[in-house]
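Asker: fold the following for me, if possible:
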Amino acid sequence: MGWNLLKTFRERRARTMMFFCLLTAGLSGCVPGVSLQFSPVGDPTMDREIHEIGDSRLSIVTFSDDRPVPKGSGDPRLIGWGTGTGTLDTRTDIKEFVSRSFASEMNRLGIRARWVPVPVQPFGAPEKRVQAYRKFLAEDGLVLLGRIREFQFQVDHPRFAMGAEFSILDMQNARIRVQVEMDLRFVDLGTGDVVWEGILSSGQEKDVHYRKRGQDLKAASALLSDTLRNVIIQASKKFVAKER
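Answerer: Modelled structure (predicted):
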């Protein structure tokens, strides 16, 4: 019994020290920014549909960022928040990351898509945006206009009791919640007509256990990219349906 009490004390002391180390790092501003990465995977179930549309091409211009929380806070690089983490930024330009990810995943699916890094125009009336983009796009065809409505994660650490009236955050376990939502329009570059428009979204939750600092944020970043991929596949199916 004495060994069990000693073991429990050591575990609690280690967790307490971890908590205060993380708190100190957060207050000193030394916590690094969240890294975002996207690797295209594809979807074999779409192979036949992609084959049927032949040589259709799609231009993707840089999306606008209209996420409510970053706009309200004045921090466009805000990517997440949660208990035990506070607010989290990324060094990555989110507008370019999302736009480039759409192009890379659609190409992996078999759609001849290209990202055109042009200055972002107000989402507004699509015909006005198309006029502004024509000088940057060398060929006619469909262009994808996008507005990022949601693209962030939440990382929450549970609490465990350290007595009757005291508890601390468990920094080795976390629940991750991710939400991605895009307002999209496929527009005919020649006529300015909207071929399809709508809002596509996806969300996921995941419980993670880890031992090293920062692994919760890596898991959140990976889940965010996977959720973005779900939305891109939805958009690709809309594009294929209009081209068939």
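Asker: going by C-alpha atoms from here, please, whenever you check contacts or count neighbours.
Answerer: Fine.
Asker: since we're on Gln172, how many residues are nearby?
Answerer: 17 (other C-alpha atoms under 10 Å).
Asker: and what about Gln37, helix, strand or coil?
Answerer: coil (DSSP: H, G, I helix; E, B strand; the rest coil).
Asker: wait, isn't it in contact with Leu224?
Answerer: No. Using C-alpha atoms under 8 Å, Gln37 is not in contact with Leu224, being 9.5 Å away.
Asker: those two: who's more crowded?
Answerer: Leu224 (26 against 13).
Asker: how close does that one sit to Phe38?
Answerer: 9 Å (C-alpha to C-alpha, to the nearest Å).
Asker: buried sites along stretch 200-209?
Answerer: Across stretch 200-209, burial judged by 16 or more other C-alpha atoms under 10 Å covers Leu200, Ser201, Ser202, Gly203, Val208.
Asker: residues in contact with Arg100?
Answerer: Trp115 (C-alpha atoms under 8 Å, 6 or more residues apart in numbering).
Asker: show me the contacts for the residue nearest to Trp81 when sequence neighbours are not counted.
Answerer: Leaving aside its sequence neighbours, Trp81 sits nearest to Thr87 (C-alpha to C-alpha, 6 or more residues apart in numbering; 4.2 Å). For Thr87, the contact set (C-alpha under 8 Å, 6+ apart) comprises Leu78, Ile79, Gly80, Trp81.
Asker: phi, psi of Thr87?
Answerer: Dihedral angles of Thr87 (phi, psi; degrees, to the nearest 10) stand at phi -90, psi 150.
Asker: quick revisit: now, the contacts of Thr87 that are in strands?
Answerer: Leu78, Ile79, Gly80, Trp81 (DSSP state E).
Asker: touching, the third one and Ile176? I think so.
Answerer: No. Gly80 is beyond contact range of Ile176, at 10.2 Å (criterion: C-alpha under 8 Å).
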